[in-house]
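1. The sequence isn't on hand, but the structure is:
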């Protein structure tokens, strides 16, 4: 319908009829319009006076031409559609683009107004730089601890602060802020993560690994939290929610501790001892191998994550099967659970590259709020 270009209903119909019937007079056009099937147009009745008025409007807007001979009524014909309608279409497109930009600007103004209301329990932050700034600000404002749930890069879209560029973390730790972070197991597959994890452990961070985490989350001192949001459809800009002290924040803290309890605590390589003798029980490296095997990693992947040779992993597994009197790896897993060698609560967690694991244990009691 040409009404989408700004034409009125009767102008739309008259122009389309003129395209098919060039050189008609107003009276002839009125009879043609009256003969249209019922329901073909929204106009119920057509009069010659009304049709003439519509024709004059079409001529004035350049959609029709009037051929007049001396002493005769004018004959009307439609201006070629490409000439008549393309300018209208272009104007509409420009108007829609302007409206789209206006909607985006109004949305930003609305979100800013909502988030800046005094005492607002939840703020909405959008845009890469805004999210980056608030994430770094959250860490710099922490005095006691930062809790976090971390997804691997494959599940995070538009990361605003790469791990290796998080300078606020180092600054906070120099001030004595403790970091306790639960990592999703997918971190094991990210290149170069082993060195970063080892560096974090040496710096005193507590890192726990679980099979998966539901959100990307950071909490400072139990007083403020940041939850990353996926970009809206059609947008590449990331977003985040800033949650202040509310029941929702308490639920997020409880969510962190629930996942921390399910995981495997990472310990640095300096905490491991020498390889055990033939008759000794499993050491920490053996427990790491069992944990990774339990969550489905192959021997090759286990060797890569622990910095061991493929044959070394196989020899250690063979020794463990002998210790457990197991003929298959399934039996080894069952015996490992009975013997307490798999110390995770749910068996769904694994160590990170070049590290070994110990049970994460229950969460420490939260400090009372003042």
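-> Alright, I've got the coordinates. Please read all numbers here as calculations on a predicted model, not as lab measurements.
2. and the helix or strand encompassing residue 93, average pLDDT?
-> Under the criterion of DSSP states H and E, residue 93 resides in helix 81-115. The pLDDT scores in helix 81-115 average 81.
3. could you point out which element follows it?
-> Downstream of helix 81-115 (by DSSP H and E), the next one is strand 122-126.
4. what's whichever helix or strand comes after that next one in contact with?
-> Remark: after strand 122-126, the chain's next helix or strand is helix 128-141, criterion DSSP H and E. Residues external to helix 128-141 that are found in contact with it (C-beta atoms under 8 Å, 6 or more residues apart in numbering): 125, 146, 158, 160-161, 166-169, 171-172, 177, 218, 220, 224, 226, 228, 237-240, 242. Glycine gets a C-beta too; all of them are placed from N, C-alpha and C.
5. Out of the residues you listed, which end up buried?
-> The neighbour count (16 or more other C-beta atoms under 10 Å) marks 125, 146, 160-161, 168-169, 172, 177, 218, 220, 224, 226, 228, 238-240, 242 as buried among these.
6. Just the residues you listed: which are in strands?
-> Mapping these onto strands (DSSP state E) picks out 125, 146, 218, 220, 224, 226, 228, 239, 240, 242.
7. Only the buried residues of stretch 86-103, if you could.
-> Residues of stretch 86-103 classed as buried under the neighbour-count rule (16+ other C-beta under 10 Å) are residue 88.
8. Stretch 301-315 too?
-> 301, 302, 303, 304, 305, 306, 308, 312, 313.
9. if I look at residue 341, how far off is residue 281?
-> Separation of residue 341 from residue 281 (C-beta to C-beta, to the nearest Å) stands at 8 Å.
10. Compare those two (neighbour count), which wins?
-> Taking neighbours as other C-beta atoms under 10 Å, residue 341 and residue 281 compare with residue 341 leading, 20 against 12.
11. can you redo the buried residues of stretch 301-315 as a markdown table with distance to residue 80, pLDDT and secondary structure?
-> Below are the buried residues of stretch 301-315 laid out as a markdown table (distance: C-beta to C-beta, whole Å; pLDDT from 0 to 100; DSSP: H, G, I helix; E, B strand; the rest coil):
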| residue | distance to residue 80 | pLDDT | secondary structure |
| --- | --- | --- | --- |
| 301 | 68 | 72 | helix |
| 302 | 73 | 76 | helix |
| 303 | 74 | 77 | helix |
| 304 | 69 | 70 | helix |
| 305 | 70 | 66 | helix |
| 306 | 75 | 71 | helix |
| 308 | 78 | 77 | coil |
| 312 | 81 | 88 | helix |
| 313 | 78 | 87 | helix |
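12. And those, which two are furthest apart?
-> Farthest pair in these (C-beta to C-beta) is 301 and 312. Separation: 13.9 Å.
13. Which one of the buried residues of stretch 301-315 is nearest to residue 334?
-> Once C-beta to C-beta is applied, the member of the buried residues of stretch 301-315 that ends up nearest residue 334 is residue 302, at 19.1 Å.
14. Would you verify that residue 209 is located in a helix?
-> No - counting by DSSP: H, G, I helix; E, B strand; the rest coil, residue 209 falls outside a helix, being strand.
15. For residue 140, the count of nearby residues, please.
-> Neighbour tally, residue 140, other C-beta under 10 Å: 15.
16. So it versus residue 229, what's the distance?
-> Using C-beta to C-beta, residue 140 is found at 22 Å from residue 229.
17. One more: residue 81?
-> On the measure of C-beta to C-beta, residue 81 and residue 229 end up 46 Å apart.
18. just to revisit the earlier point, CSV for the ones in strands among the buried ones among the contacts of helix 128-141, including distance to residue 72 and pLDDT?
-> Putting these into CSV (distance: C-beta to C-beta, whole Å; pLDDT from 0 to 100) gives the following:
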residue, distance to residue 72, pLDDT
125, 71, 83
146, 88, 96
218, 83, 95
220, 86, 95
224, 83, 93
226, 79, 95
228, 75, 89
239, 68, 84
240, 73, 88
242, 76, 91
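19. Identify the residue spatially nearest to residue 227, adjacent ones excluded.
-> Nearest non-adjacent residue to residue 227, counting by C-beta to C-beta, 6 or more residues apart in numbering: residue 241, 4.6 Å away.
20. residues touching that neighbour, list them.
-> Applying C-beta under 8 Å, 6+ apart, we find residue 241 in contact with 122, 123, 124, 125, 226, 227, 229.
21. try 7 Å
-> Contacts for residue 241 (C-beta atoms under 7 Å, 6 or more residues apart in numbering) come out as 122, 124, 227, 229.
22. Buried only: go through these for me.
-> With neighbours counted using 16+ other C-beta under 10 Å, the contacts of residue 241 contain these buried positions: 124, 227, 229.
23. Which one of these is nearest to residue 63?
-> Ranked by distance to residue 63 (C-beta to C-beta), the buried ones among the contacts of residue 241 are led by residue 124 at 46.5 Å.
24. Could you measure from the closest one over to residue 6?
-> Separation of residue 124 from residue 6 (C-beta to C-beta): 36 Å.
25. Ok, residue 205 next?
-> Applying C-beta to C-beta, the value for residue 205 to residue 6 is 63 Å.
26. Which one of the two is surrounded by more residues?
-> residue 205 (18 against 13).
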